[in-house]
Structure formats: C-alpha cells, structure tokens
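K.L.:
Sequence first, predicted coordinates after that:
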Amino acid sequence: MSLTYNHREELKKAILLLENPGIAAKITNYIGKPIEKGFELLPKNWNEKIGEVTKTALLKATDAAVFTMNDAPNSESSNWWHKFGVAASGAVGGFFGLPALAIELPVSTTIMLRSIADIARSEGESINHPRTKLACLEVFALGGENKSDDSTDNGYFVIRAALAKSVSEAAEFIATKTLAEEGAPALIRLIVKIAERYSIQISEKLVAQSIPIIGAAGGAAINTIFINHFQDMARGHFIVRKLERIYGKEFIESEYKKMLAKEMA
C-alpha cells in the first residue's frame, strides 16, 4: 500500500500544522517579549481558577457548539466568521483581564469548537456521529504541553493514544444520551484530561492579555492568534482522520512518523 501523490501532500500539510510551535511562541512573536515573566502578574490561586473555568467552558461549549450544527459533510468551513467572534470576545478579555475570564472563555471556546466542527465537516466528517463530536473536543488537547510531560510525550499520536480510552468510553455514553446530561462520568473524565492541556494554553493567553500595554485591541489580536492555532490543529487532525478512513490508522500513523522524522532530520 502506498499514498497517492495528493494524499501524501495532504499528510505533509497535516504534519506542518500539527507539529508547529505552540501558543506561547506565537504570542511571544506578536508582543515581542517572552510571556513567561507575565505569570508573576497573576494572583496566587490563578492556576486553580483557570483549571475550573476551563473545565466549565468545555462542558458548556460541547452542548452549545458542535451539537447544534447541521450535518453536511464536505461543505466549506466558515473560518473568518468564527475568527471575528473570537476576536470580539478577546477584546472584552483584554480590557477587563482576569475577572472577565469566566465570561469570555466559555464564549470564545464555544465559537472555536463550532469552528473546529465546521472544519471537521469540510473534511468529510459526519458531525452527528459521536466519535466526530469527541474528535472535535480532542483538538483542544493538541498543540499544548502537559506539565507532567517531557518533550517526547507531546507528539500528535501520543496525545491521541493518551485520550483513546476516555474517548471510547465517552463515545459509548453519548451514542444513547445527550452529551451535557448530568451523571456522565465517562464524558467528565475525558473533558478533565483535555482541560489539563487546554488550561495551559489558556494560561499563556491570559498572561499575554494581562500585560498592561495589551488592552482591548491586543486582546482581540491574541484571541485571533488563539483561534488560528486551534483551526490549524483542527485542519491537521481531520486531514489525518480522513486519510485513516481511506488507508487505516496504523498505516497513516506509520507514514506520519516517517515523514516527521525526515522533516526533523
């Protein structure tokens, strides 16, 4: 078995998107200074608060975004409308800072999740399928490091493998029940795992927005960087899933790793 030329080019594109620098590096390029120093500006209990707000945002977004879209595979995604919405919510976050996070984050996460679902649909996914819905959520775990990870544990397929069991359990649940139904421990476990990675990227975004010179305009720009990042992750993710449907997961994973090794050599 071998990839066609077009499919090989698509896989190369996916690798470039999925293995690119994270949010911190992109924001640093925008503001012209490392954001690590900005963590000193946040309150002592900021980490705990962001973790809780992130989990709440993901829970609210699941019921308000993916699960209200029409199922029309291969239709073009509307990336610019979603960017505009997230930029507007980022302007609020940039102006009011940390106190606005609990309001701004559920809104921006919902818009981004809807954009992710739109991209999934454009790559041939049926967004009414439980696995597709959960694959949309998986995107929030991509492109961000877990504090307990080392540099070898952040690869695309490593992250998917780490989430695989939770995804399977959650898929079994939502096949017969609504996603946001109370008493859904399988779904909660998956969201907690995703939130662990997503909250790190939220922290990096928040630090940048907390810098005094940023303000509303800067907050909008940073949120645009933020949604661009997750749109890239989504595009790469769903290209890989499309190729897996054609060639099988094991073959595509093998080809992905071979091509990535050549890129890094």
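P.N.:
That came through, no problem.
K.L.:
any weak-confidence spans in the stretch 1-150 of the chain?
P.N.:
Scanning the stretch 1-150 of the chain for pLDDT under 70 picks out 30-47, 63-101, 144-150.
K.L.:
can you pull out the helices in it?
P.N.:
For the stretch 1-150 of the chain, helices defined by DSSP state H, counting those that start in this stretch occupy the ranges 5-18, 23-31, 46-64, 79-96, 101-122, 130-138.
K.L.:
tell me the most buried of those helices?
P.N.:
With neighbours taken as mean count of other Cβ atoms under 10 Å, the helices of the stretch 1-150 of the chain reach their highest mean count in helix 101-122, at a mean of 24. Placement of C-beta: from N, CA and C, glycine included.
K.L.:
list the helices and strands it packs on?
P.N.:
helix 46-64, helix 79-96, helix 130-138, helix 185-210, helix 215-247 (3 or more Cβ pairs under 8 Å, 6 or more residues apart in numbering; DSSP states H and E).
K.L.:
Minimum distance to K13: which of the ones you listed has it?
P.N.:
helix 215-247 (6.6 Å; Cβ to Cβ).
K.L.:
quick check: angle from the helix or strand following that closest one to helix 5-18?
P.N.:
The helix or strand immediately downstream of helix 215-247 is helix 249-264, counting by DSSP states H and E. Angle, helix 249-264 to helix 5-18, by axes from the mean of the first three to the mean of the last three Cα atoms, to 10 degrees: 70 degrees.
K.L.:
Columns distance to K242 on top of the helices of the stretch 1-150 of the chain, output as a markdown table?
P.N.:
Shown next, in a markdown table, are those (distance: least, Cβ to Cβ, whole Å):
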| stretch | distance to K242 |
| --- | --- |
| helix 5-18 | 8 |
| helix 23-31 | 25 |
| helix 46-64 | 23 |
| helix 79-96 | 18 |
| helix 101-122 | 10 |
| helix 130-138 | 11 |
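K.L.:
quick one, which of the helices and strands packed on helix 101-122 is nearest to V167?
P.N.:
From those, taking Cβ to Cβ, the stretch that ends up closest is helix 130-138, at 5.1 Å.
K.L.:
Nothing else from me, thank you.
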